[in-house]
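Trainee: dropping a prediction and its sequence here:
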Amino acid sequence: MDKVVHFEVPFDDGERATTFYREAFGWRLDSMPQFQYTMVGTTATDEQGRPTEPGAINGGMLHRQGPITAPVITVGVDDIDDALARIEKLGGKVAIGKQPVGEMGFSAYFHDTEGNLIGLWQNG
């Protein structure tokens with residue numbers, strides 16, 4: 001069973017959004033300018049950056065663009081290529097194909113049969 005491992009919240013104004021979430025919920029927000037991304041910490045993590053509390057997830061924030069116009073949940077999979085093939089066979093559509101994310105892993109996005117944008121993550 002693949003599980004939800006991450007979330008993403010798009011923004012129009014990064015400073016405004018990060019201030020809002022930091023003050024509203026006490027989230028840790030760490031800018032990663034090399035990826036044009038902000039890591040969002042909602043729970044404690046171990047040395048590898050994984051949540052220490054079972055079932056807890058962290059996320060990220062990025063500029064609203066392309067297909068990423070609303071919050072996205074991200075599902076962790078063992079193999080993105082296999083997952084995308086299964087998704088297309090079941091009527092889903094690839095929105096952004098497999099892309100490397102530094103040395104950390106790979107991401108992709110797809111639209112499910114209901115038109116929702118969902119992310120995929122494969123550890124590197």
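Mentor: It's in.
Trainee: please make it C-alpha for all contacts and neighbour counts, starting now.
Mentor: Fine.
Trainee: can you pull out the strands in the chain?
Mentor: Assigned by DSSP state E, the strands in the chain fall at 4-11, 28-32, 37-41, 58-63, 72-76, 93-101, 105-111, 117-123.
Trainee: could you dump those strands to a markdown table with mean pLDDT, mean neighbour count and distance to residue 50?
Mentor: Below are the strands of the chain laid out as a markdown table (pLDDT from 0 to 100; neighbours: other CA atoms under 10 Å; distance: least, CA to CA, whole Å):
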| stretch | mean pLDDT | mean neighbour count | distance to residue 50 |
| --- | --- | --- | --- |
| strand 4-11 | 96 | 19 | 10 |
| strand 28-32 | 94 | 15 | 14 |
| strand 37-41 | 95 | 19 | 10 |
| strand 58-63 | 96 | 19 | 8 |
| strand 72-76 | 97 | 19 | 13 |
| strand 93-101 | 97 | 16 | 16 |
| strand 105-111 | 97 | 20 | 14 |
| strand 117-123 | 97 | 21 | 12 |
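Trainee: so which of these is nearest residue 83?
Mentor: Taking CA to CA as the measure, those were each checked against residue 83, and strand 117-123 came out nearest at 8.4 Å.
Trainee: tell me the angle of that closest one relative to strand 105-111?
Mentor: With axes from the mean of the first three to the mean of the last three CA atoms, to 10 degrees as the basis, strand 117-123 and strand 105-111 are set at 160 degrees to each other.
Trainee: work out the sheet partners of strand 117-123 and label each with its direction, please.
Mentor: Strand 117-123 has its sheet partners listed here by DSSP bridges as strand 72-76 (parallel), strand 105-111 (antiparallel).
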